[in-house]
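K.L.:
just coords:
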Ligand code: RIB
């Protein structure tokens, strides 16, 4: 069977990562335990994850004409990603993300978008052929919204399913943008998008948020709930809680990216949404077991193994 083709329209960042005993409070200085630079960016992470899971992966985005840009572009190519849709932007720095990872493996991230913020609707329209080739189109919100909207429009024109990972989330997004096949927020992102507060951890709250996302235009909402697994709610009436996998957490950075890539892979292979979400839970869990973003993206074999080791619990 030919491997599916996934088009990622998204961000490319160099991650500047420090491990810390805890997240600093406002005004607090703390001593970290090391510093690394490593390839990241939600779009690039998802592309690397999709490629490791066996997809033919196409990428559309921008880097700057600096050392980070060169290294990141080379990294995409090394991972087998078709990067002719990546434009090198003169006189502009490549995107960077400053990441703190605490002892529990939780992270906080600040992104300086750099070249990512130069992606235009014209960049997207110039690469219309990539949309024609793709089985599934994946987007996030680290690019200008008008460029993401152009990608959604072209995917619709070519009848290709779209997954929107609405991260980083923001309020009052154009209604048109949320008119996608699948939206994949975590709980914090769902709160921001729906203007609701999850005052309690409960299935009722999860469902209320997911239902709101459907009313905002998505055909399916897949809520990433961390150690609680995922919730799938669709306009066709489907509602399902999808079980989590138990792993030892080292670093949660990019777990959501592994999830979204695996979901895209499942969808592109023609899997039912709930089965694809089960596979996505496994990919997300595996990404938590290793340090870093792209370095932590699992292979198809690792995902199969975890699913076999932890059948229905
Ligand atoms: O999802 C993790 C990613 O978010 C990091 O790699 C960082 O670059 C930011 O985009």
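P.N.:
That came in fine, so what should we check first? Source: prediction; values computed, not measured.
K.L.:
the closest residue to residue 143 other than its chain neighbours: how many residues sit nearby?
P.N.:
Residue nearest to residue 143 in three dimensions, not counting chain neighbours: residue 119, with 4.7 Å by CB to CB, 6 or more residues apart in numbering. Quick note: C-beta positions are derived from backbone N, CA and C, even for glycine. Applying other CB atoms under 10 Å, we find 28 residues neighbouring residue 119.
K.L.:
with the ligand as the reference, measure out to residue 119.
P.N.:
14 Å (CB to the nearest ligand atom, to the nearest Å).
K.L.:
model confidence for that residue, exactly?
P.N.:
Residue 119 carries a pLDDT value of 98.
K.L.:
go on, residue 198?
P.N.:
The per-residue pLDDT reported for residue 198 equals 73.
K.L.:
need the contact list for residue 21.
P.N.:
Shown in contact with residue 21 (CB atoms under 8 Å, 6 or more residues apart in numbering): 30-31, 33, 102-103.
K.L.:
same check on residue 122?
P.N.:
Per CB under 8 Å, 6+ apart, neighbours of residue 122: none.
K.L.:
quick one: secondary structure of it?
P.N.:
In three-state terms, and counting by DSSP: H, G, I helix; E, B strand; the rest coil, residue 122 is helix.
K.L.:
so which residues of this protein form helices?
P.N.:
Using DSSP state H, the helices of the chain run over 42-52, 67-78, 121-126, 128-133, 145-157, 187-194, 203-215, 255-268, 273-287, 300-309.
K.L.:
just name the most buried of those helices.
P.N.:
Stretch with highest mean neighbour count among the helices of the chain: helix 42-52 (a mean of 31; mean count of other CB atoms under 10 Å).
K.L.:
got the angle between that one and helix 67-78?
P.N.:
20 degrees (axes from the mean of the first three to the mean of the last three CA atoms, to 10 degrees).
K.L.:
narrow the contacts of residue 21 to those that are buried.
P.N.:
residue 102 (16 or more other CB atoms under 10 Å).
K.L.:
looking at the contacts of residue 21, which gets the smallest pLDDT?
P.N.:
Going through the contacts of residue 21 one by one, the lowest pLDDT turns up at residue 33, 87.
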